[in-house]
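Enquirer: Got a predicted structure plus its sequence, pasted below:
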Amino acid sequence: AYVYLIYGMYCCFNITTREAGVPEAVLIRAACPLEGIETMRALRQQKKPVKSLNEKNLLSGPGRLCSGMGLGREHNGLVLTGEELYLCEGIAVPPEQIAAKVKPSVVAILTYNNTTSASGSGVVMGEDSTHTYTYFLTCAHMLDGFTNAVVQLEDETQYDAEIVGYDNRTDIGVVRVKATGFTAAEFGDSTQLQVGNDVYAIGNPGGTSFYGSFTEGIVSAIDRPVNSELGYTQVCIQHTAAINSGNSGGALVNEYGQVIGINSSKIAEDSFEGMGFAVPIATAKSVAESIIANGYVPGRPMLGIQYTSVYSNSTYAVIAQIADLPKGSIVISSIAQNSSFSGTDIQAGDIITQVNGKDLETSDSLREVVDSASVGDKLTLTVCRVSANYEIQREQVEITLVEDKGDTVYSSGSSQSGQDSGNGFGGFNWPF
């Protein structure tokens, strides 16, 4: 006899075998999807042949599922063929079961140095190959500037953690503890999300006093560009699940109890409500794996400056009009310590008008050229400097694109700062 597993909200399936020589089939019924998943795992541990069958394949694959999956009556009856155990996945899980499943995989991340501290959330990724360390996903802004980290569980058990690395460009960071036995999260496929899908946020808003808070909402937008405080443009999942300070690094979960995002930010203004943003898990996992392997995400080029549009400041806007500068001209507001500009006479306040002899058509034109290039490529820039009497001096500068390791420090004039504010140029500083 072969063992077949089918589960659903109603467990009202008919099962038929079409394999010659199969005397009987054993039907294991589960009361809920999570019970079905646990049964599947147990069978796999017993070396039973298992094949997952997701909802997309139900209408055309070897299995057809009845109305317990929300399909029509014409699909009633499940047909199983071959010597495999077919698990029909993709059934939405009740919220209370999602909370019970995911909460053990969400922890508190506490960071501190000699002068300040922060409290946020983290998600259990899993153990290393030697089963010595457990890795946790969190947000880069929870780690940037801090030297020490602690992982805390709901029962207040604490583990000293090592900051493995972080990436400000995506706001993803990784810590690890020298301990095992944590419940790893199940990661879903964030590329399959659709506007209107149910989602749930789990984290620690306001700190550990509200440990493991569980809220629900829907996906409001996919691939929403969000500008971080450091000026990077992050592509996020916009959602309505309530999140607050302390949710950073916590889980955004789909209706199957799978983590599909890492909560990163929200718009915290009186005129906005229900606008939270999460880094898609596809991005978070890829970045985290690079951080674990390399300490950073390799191979990303940057020019090594922060800038603002020439039209973001009224004085520069007038100068640009009088001098007939290209409409996409940008003003350098700060220069990274490792930029090719460091050590040259190029300085904050200079205007870039051309790249490789072509006018900048928009303020994003130079960024697009950089993003399509490689580390080590050379660019020729036309740079203008405005003198005290508003005369413009032009020069050609050849620069070499450097590697963006996600921890770039910028300087404006002779000062050095992780983020430059009050520079007098107006508008926002965009790094690239």
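Expert: Ah, there it is. Treat the numbers as computed from the prediction; the structure is a model and nothing was measured.
Enquirer: which strands and helices sit next to the host helix or strand of residue 226?
Expert: Using DSSP states H and E, residue 226 sits in strand 213-227. Contacts defined by 3 or more C-beta pairs under 8 Å, 6 or more residues apart in numbering; DSSP states H and E place strand 213-227 against helix 95-102, strand 198-203, strand 233-239, strand 276-280. C-betas here are computed from N, CA, C, even on glycine.
Enquirer: In its sheet, which strands sit next to that strand, and in what direction?
Expert: strand 198-203 (antiparallel), strand 233-239 (antiparallel) (DSSP bridges).
Enquirer: Confidence-wise, which of the helices and strands packed on strand 213-227 is weakest overall?
Expert: Lowest mean pLDDT within these: strand 233-239, at a mean of 86.
Enquirer: can you list contacts of it?
Expert: 169-171, 190, 193, 199, 201, 217-228, 252, 260-261, 264-265, 275-280, 283, 430 (C-beta atoms under 8 Å, 6 or more residues apart in numbering).
Enquirer: could you redo the last one with a cut-off of 7 Å?
Expert: With C-beta atoms under 7 Å, 6 or more residues apart in numbering as the test, strand 233-239 has contacts from 170-171, 190, 193, 199, 217-228, 252, 261, 264, 275-280.
Enquirer: now do stretch 210-219
Expert: With C-beta under 7 Å, 6+ apart, stretch 210-219 has contacts from 95, 99, 103, 106, 108, 154, 193-205, 237, 239-242.
Enquirer: I'd like to know which of the residues you listed are buried.
Expert: Neighbour counting with 16 or more other C-beta atoms under 10 Å marks 99, 103, 106, 108, 193, 197-205, 237, 239-242 as buried within these.
Enquirer: ok, which stretches of the stretch 101-250 of the chain are strands?
Expert: Using DSSP state E, counting those that start in this stretch, the strands assigned to the stretch 101-250 of the chain run over residues 106-112, 117-127, 134-138, 148-152, 158-167, 172-177, 198-203, 213-227, 233-239.
Enquirer: where's the nearest residue to residue 247 once chain neighbours are set aside relative to residue 263, distance?
Expert: Nearest non-adjacent residue to residue 247, counting by C-beta to C-beta, 6 or more residues apart in numbering: residue 203, 3.8 Å away. Between residue 203 and residue 263 the computed distance is 6 Å (C-beta to C-beta, to the nearest Å).
Enquirer: Overlap of the contact sets of these two?
Expert: Jointly contacting residue 203 and residue 263 under the rule C-beta under 7 Å, 6+ apart are 243, 247, 250.
Enquirer: So which of the residues you listed wins on neighbours?
Expert: Counting neighbours by other C-beta atoms under 10 Å, the top entry in the shared contacts of residue 203 and residue 263 is residue 250, with 33 neighbours.
Enquirer: I'd assumed residue 202 was in contact with that one.
Expert: Yes: with contact defined as C-beta atoms under 7 Å, residue 250 counts as touching residue 202 (5.7 Å).
Enquirer: so what sits against both of the two?
Expert: Common neighbours of residue 250 and residue 202 (C-beta under 7 Å, 6+ apart) are residue 106.
Enquirer: closest one to residue 121 among the strands paired with strand 213-227?
Expert: Minimum separation from residue 121 across the strands paired with strand 213-227 (C-beta to C-beta) falls at strand 198-203, 3.8 Å.
Enquirer: and residue 246, what does it touch?
Expert: Counting by C-beta under 7 Å, 6+ apart, residue 246 makes contact with 119-121, 203-207.
Enquirer: do that again at 8 Å, thanks
Expert: Residue 246 neighbours (C-beta under 8 Å, 6+ apart): 119-121, 203-207, 210.
Enquirer: Out of those, which two sit at the greatest distance?
Expert: 120 and 210 (12.2 Å).
Enquirer: For residue 234, which residues count as its bridge partners?
Expert: residue 226.
Enquirer: Could you give the number of residues near it?
Expert: 21.
Enquirer: And it, how far from residue 383?
Expert: Taking C-beta to C-beta, one finds residue 234 at 29 Å from residue 383.
Enquirer: Any stretches of the stretch 201-350 of the chain with poor pLDDT?
Expert: 227-233, 266-274 (pLDDT under 70).
Enquirer: how does it look with 80?
Expert: 225-234, 266-274, 340, 342-344 (pLDDT under 80).
Enquirer: coming back round to it: could the strands of the stretch 101-250 of the chain go into TSV alongside distance to residue 318?
Expert: Shown next, in TSV, are those (distance: least, C-beta to C-beta, whole Å):
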stretch	distance to residue 318
strand 106-112	45
strand 117-127	43
strand 134-138	45
strand 148-152	49
strand 158-167	39
strand 172-177	41
strand 198-203	47
strand 213-227	26
strand 233-239	28
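Enquirer: Please identify which of the ones you listed is closest to residue 322.
Expert: Closest of the strands of the stretch 101-250 of the chain to residue 322 is strand 213-227, at 30.1 Å (criterion: C-beta to C-beta).
Enquirer: That closest one versus strand 106-112: what angle between them?
Expert: 60 degrees (axes from the mean of the first three to the mean of the last three C-alpha atoms, to 10 degrees).
Enquirer: in strand 213-227, what's buried?
Expert: Per 16+ other C-beta under 10 Å, strand 213-227 contains these buried residues: 213-217, 219-220, 222, 224, 226.
Enquirer: And for residue 201, nearest residue in space, chain neighbours not counted?
Expert: residue 241 (3.9 Å).
Enquirer: wait, doesn't the one you found sit right on residue 198?
Expert: No: contact criterion C-beta atoms under 8 Å: residue 241 and residue 198 do not qualify, at 9.2 Å.
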